[in-house]
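Q: A structural model of the following input is requested.
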Amino acid sequence: MKVNAYLTFDGKCDAAFQFYEKCLGGKIVFKMTHGDSPMCDQMPPNMKDTIMHARMVIGEGIIMGSDAPPDRYAKPQGFNVALNMSDPAEAERIFQSLSQNGVVMMPLQETFWALKFAMFVDQFGIPWMINCEKPAP
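A: Numbering: from 1, shown residues only. Coordinates of the predicted model:
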């Protein structure tokens with residue numbers, strides 16, 4: 001069994017996934033719009049170009065996402081997408097790029113458990129944590 005994050009957007013899934021692909025070095029391996037789906041005739045015209053389903057591989061992980069119909073979209077809350085890494089320089093690079101135009105709650109810094117740790121909400125409204133743990137003694 002594997003656990004994956006599934007992110008829901010308010011019409012910006014395509015832009016978010018292109019941004020994540022660039023920032024995280026991922027690869028979008030599948031993307032379908034509502035207009036390209038077998039359900040296209042059931043979608044309002046303004047949803048035809050929005051994403052029905054997208055899948056991105058990032059290292060050994062996967063992030064999936066879609067655009068919700070406007071009446072079903074809810075602002076993300078109660079979770080963070082956590083990125084764990086061992087290289088502090090990579091943590092710095094990812095923080096600088098992924099938090100761009102977002103809201104930083106905790107800047108990237110050393111903590112008692114991590115060489116680098118940060119919390120922020122990106123420009124698409126998705127909450128993230130970056131964690132670069134200290135080596136075990």
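Q: who does the strand or helix carrying L115 touch, helix- and strand-wise?
A: In the assignment (DSSP states H and E), L115 maps to strand 114-121. Packing contacts for strand 114-121, counted by 3 or more Cβ pairs under 8 Å, 6 or more residues apart in numbering; DSSP states H and E, involve helix 88-98, strand 103-109, strand 127-133. All C-beta spots, glycine's among them, are computed from the backbone N, C-alpha and C.
Q: what would the ones you listed look like in CSV with distance to M64?
A: Output for the helices and strands packed on strand 114-121, formatted as CSV (distance: least, Cβ to Cβ, whole Å):
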stretch, distance to M64
helix 88-98, 18
strand 103-109, 24
strand 127-133, 16
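Q: for these, which one sits closest to P70?
A: strand 127-133 (21.4 Å; Cβ to Cβ).
Q: What's the mean pLDDT across the closest one?
A: When pLDDT is averaged over strand 127-133, the result is 97.
Q: what's next to stretch 63-82, contact-wise?
A: Stretch 63-82 is contacted by residues 4-13, 16-17, 20, 26, 34, 44, 47, 50-56, 119, 125-129, 131 when judged by Cβ atoms under 8 Å, 6 or more residues apart in numbering.
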